[in-house]
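# give me a 3D structure for the following:
(one chain, ligands or ions: 1)
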Amino acid sequence: MLVWLLLRLAVRVVLAAVRYPLCVTLFIGTYALHRAAGLSSLVLTFLTLIGTLIVWYGIDRASFLRHAWFRLLTEWRRLTVYVPRWRTVMRLAELSKDSRMKEYRPKLRRVRSEGWRDKVQVRMILAQSPEQWEARRDNLAHSFDARSCRVRVFKPRVLELDFIHADPLAQPVAVPPIACTADVDLKRVVVGRTETGKPWRIKLLGSQVLVVGVPGAGKGSVLWSIVWRLAPAIKAGVVRLIGIDPKGGMELGQCPDAFEKVIYDSGPEAVALLEGIAAEVKERAARYRGIRRLWARNTGEPFTVLIVDELADLIAYQSDRNLRERATRAIQTITSQGRAPGYAVVGLVQDPRKEIVSFRHLFTTRVALRLDEPVQVDMVLGDGVRQRGAAAHEISENTPGVAWLKEDGQREPERARAFHVTDADLVELGVFLTPATVHEFPSKTEGSAAA
Ligand SMILES: Nc1ncnc2c1ncn2[C@@H]1O[C@H](COP(=O)(O)OP(=O)(O)OP(=O)(O)O)[C@@H](O)[C@H]1O
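This is a model prediction of the structure:
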């Protein structure tokens, strides 16, 4: 019995050393130093340590946070929040079970604090599913003093819970300088920043993009961030933009120089433009058949991005039924066949109604900015994505440009914020894209006559 108890104690000590390395080292270090060198040396060592940390923070804040502060925070939160409350919360939230006098309780595994969120790994009990945890997201968030909670499947039987404490996207993200090279990676066009601090990359080559958000949600910033990053390639003729803005040019009219062709209407002219692009798609696809599977720069033909500012005006609200059907057919052709021959559609929509949602499967990248209702999130991102944390209906009015993203084939949605492209930036973009005016250099005789 005694051996058994000692063995258990030893395991606990080892586990504590693994889970709380900083606290254990500090504790043992303090004790050993005090015993060996006395109180004054201990105080001196502590002051030196604090001074070193302050200098480290001043020189390289990011590495100080990652390697020191967040590690300490991790141990602190584990010790004071998760361990003491775990058992009670599991019981009250009915995530543990009693069966044949035995309690089955989910195991708290690794905790990692990143300041704005705590990542907590959990081993589920047998016969439990992630949906049971997703249904209790709010209960868990309140129980562990977090603003919200997201549930991710890490591996079979293991979940990762994100307890959110702050919004890292609360501040607008300024646009970077316009790139000098036309060599833009069309599969990874950077249009903002994700909440983990990584670049938000949108896939244009081989994908179609649907951006949905209520008025004022920041659709314009997603659109102009794309154009901003494509600007050098547009200037070099590698990419061409075609725009349709049924709102009379309120949006695309801010920088018409970016577009090879732009129509500020949803009438016959816009529909004819769509049909023209659909015909080009078919013609290019026929030429590429059997030769290449995906557009590439060396084809010598430009990659075409069709931007439609209010897609619903063309395919749903159009009063003329004939025009509506023609527009719908053309958009369907471009989105379904445009992938290989190098045609991408960026469709912006305010209201994800049934008519639009019937197109949803044709858009492989979907961006949900602020929406009004949970059901709209499901309509845009697909079923089950909201339960995995993509609460686009909870995005604050104070953070336009923040969106939830979902690409086909990627299970977990991502949260990001588009660059804030201001009016001044659009003027700069216009100047960058305006073709230079070439003035005739005065000949020698003219010059001397003038003199
Ligand atoms: N990424 C962003 N960061 C900070 N502020 C932004 C961002 N995007 C938009 N805004 C601000 O939010 C406001 C509304 O943006 P915007 O006009 O792009 O919304 P919208 O969704 O296009 O609206 P509408 O559907 O009415 O055209 C603007 O004042 C703009 O400056």
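# now residue 319: how far from residue 223?
Relative to residue 223, residue 319 is positioned 26 Å away (criterion: CB to CB, to the nearest Å). No exception for glycine: its C-beta is placed from N, CA and C like everyone else's.
# correction: residue 416
Going from residue 416 to residue 223 by CB to CB gives 15 Å.
# what's the answer for residue 284, then?
Look at residue 284 and residue 223: by CB to CB, they are 24 Å apart.
# which one's more surrounded, these two?
Comparing residue 284 with residue 223 by neighbour count (other CB atoms under 10 Å), the higher total belongs to residue 223, at 23 against 20.
# what does the protein put close to the ligand?
Applying CB under 6 Å from any ligand atom, one finds that the chain approaches the ligand through 172, 213, 215-221, 251, 350, 400-401, 417-418, 420.
# which of these sit farthest apart?
Greatest spatial distance among the residues of the chain next to the ligand (CB to CB): 172 and 350, at 21.6 Å.
# what about the closest residue to the ligand within the chain, how many neighbours?
When scored by CB to the nearest ligand atom, the chain has residue 401 as its residue closest to the ligand, at 2.1 Å. By the other CB under 10 Å criterion, the neighbourhood of residue 401 contains 26 residues.
# list the contacts for it?
Residue 401 is in contact with 172, 173, 192, 218, 221, 222, 369, 417, 418, 419, 420, counting by CB atoms under 8 Å, 6 or more residues apart in numbering.
# between those, which is nearest residue 15?
For the contacts of residue 401, the minimum distance to residue 15 (CB to CB) is 39.6 Å, reached by residue 417.
# isn't that closest one right up against residue 192?
Yes - using CB atoms under 8 Å as the test, residue 417 is close enough to residue 192 to be in contact (5.2 Å).
# identify the contacts common to these two.
Listed contacts common to residue 417 and residue 192 are 173, 200, 401; contacts here mean CB under 8 Å, 6+ apart.
# ramachandran angles for the first one?
Right, the one you point to is residue 173. phi -100, psi 120 (degrees, to the nearest 10).
# cool, residue 225 as well?
phi -70, psi -40.
# out of everything not next to it in sequence, what's closest to it?
If you skip the residues right next to it in sequence, residue 225 has residue 191 as its closest partner in space, 3.8 Å away by CB to CB, 6 or more residues apart in numbering.
# burial measure for the one you found, as a count.
Look at residue 191: counted by other CB under 10 Å, it has 30 neighbours.
# report pLDDT for it.
The predicted structure scores residue 191 at 94 on the pLDDT scale.
# which parts of the stretch 1-150 of the chain are helices?
Secondary structure of the stretch 1-150 of the chain by DSSP state H, counting those that start in this stretch: the helices cover 2-19, 21-37, 39-59, 61-64, 70-77, 83-92, 130-134, 137-143.
# could you tell me the least trusted of those?
helix 21-37 - the lowest mean pLDDT of the helices of the stretch 1-150 of the chain, at a mean of 86.
# buried residues of it, list them for me.
The neighbour-count criterion (16 or more other CB atoms under 10 Å) identifies 23, 33 as the buried residues of helix 21-37.
# how about residues contacting it?
When contacts are defined by CB under 8 Å, 6+ apart, helix 21-37 is touched by residues 16, 17, 41, 42, 45, 71, 72, 75, 79.
# pull the most distant pair out of the residues you listed.
Using CB to CB, the pair of those lying farthest apart is 41 and 79, separated by 27.8 Å.
# my read is residue 170 is in a strand, agree?
No - assigned with DSSP: H, G, I helix; E, B strand; the rest coil, residue 170 falls outside any strand and is coil.
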